[in-house]
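*Asks:* I need the structure of the sequence given here:
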Amino acid sequence: MTCIYVRKATEKDLDAISDIINAGRYFLKEQGIDQWQGSYPSRDDIKRDVDNGIAYVLEVDGKVAGSATLHLGIDPDYLEMEEGEWEHGSEAHYSAIHRVAVSNNYRGQGLAYKLISGLLTISGLLGFKDVRIDTHPKNKGMQHIIVNSGFTKRGIIRTKIEEDDRFAYQIEIH
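*Replies:* Numbering: from 1, shown residues only. You can find the predicted model right below:
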């Protein structure tokens, strides 16, 4: 039987996470999506998130199969929204899921759903009932995963790092 779970990332996971992010960068480029095509996210970004305890990995039978970041509290990119609004406002008590990526070796197995589900559970356990996420307007695959994970599209935000518009989504958990 396969053992799949989400856990906090450690420094030992940096190479695996970097490889997954870089493969994801290439996968997006192949689809003509300019998300992650600059230096972001860099290994330093990943290390900072590991050091801050907000980086997570999806482990499958002892191997890192995916990664994401769970930002806790106000996200500066989410303060202003175009063409919509956040339920409970931009400065509510929420967590935000960022940089969801699954290894090429596991693509197509529905593991992004398991990763997001695990992060929703962690958010709830940490007292965050409002969870937010965003993705590039051309990233149809991620949009599909987000909506099928129960999120509702709320509007458009603009990221400061990549200076790009993103579709913004939100879910309330109990």
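
*Asks:* Could you export stretch 96-111 as CSV, CA atoms only?
*Replies:* Output of stretch 96-111 as CSV, limited to C-alpha atoms (Å, rounded to 0.1, in the frame of the first residue of the first chain):
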residue,chain,number,x,y,z
ALA,A,96,-2.4,31.4,1.6
ILE,A,97,-1.1,28.4,-0.4
HIS,A,98,1.7,29.3,-2.8
ARG,A,99,4.1,27.5,-5.3
VAL,A,100,2.2,24.2,-5.6
ALA,A,101,4.4,21.9,-7.7
VAL,A,102,4.4,18.1,-8.3
SER,A,103,7.4,16.2,-9.6
ASN,A,104,7.3,15.1,-13.2
ASN,A,105,7.6,11.5,-11.9
TYR,A,106,4.2,11.8,-10.3
ARG,A,107,2.3,14.0,-12.7
GLY,A,108,-1.2,12.9,-13.6
GLN,A,109,-1.8,11.0,-10.4
GLY,A,110,-4.0,13.6,-8.6
LEU,A,111,-1.3,14.3,-6.1
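
*Asks:* C-terminal to the helix ranked longest in the chain, which secondary structure element comes first?
*Replies:* Longest helix of the chain, by residue count under DSSP state H: helix 14-30. Sequence-wise, the next helix or strand downstream of helix 14-30 (DSSP states H and E) is helix 43-51.

*Asks:* one step back: what's in contact with the longest helix of the chain?
*Replies:* 9, 34-37, 41, 43, 46-47, 50, 55, 57, 63-64, 66-67, 99, 101-104, 136, 139 (Cβ atoms under 8 Å, 6 or more residues apart in numbering). Heads up, the C-betas are built off the backbone N, CA and C, glycines and all.

*Asks:* can you rerun that using 7 Å?
*Replies:* 9, 35-37, 41, 43, 46-47, 50, 57, 64, 66-67, 101, 103-104 (Cβ atoms under 7 Å, 6 or more residues apart in numbering).

*Asks:* For those, pick the one with the most neighbours.
*Replies:* Greatest neighbour count in the contacts of helix 14-30, by other Cβ atoms under 10 Å, goes to residue 67: 29 neighbours.
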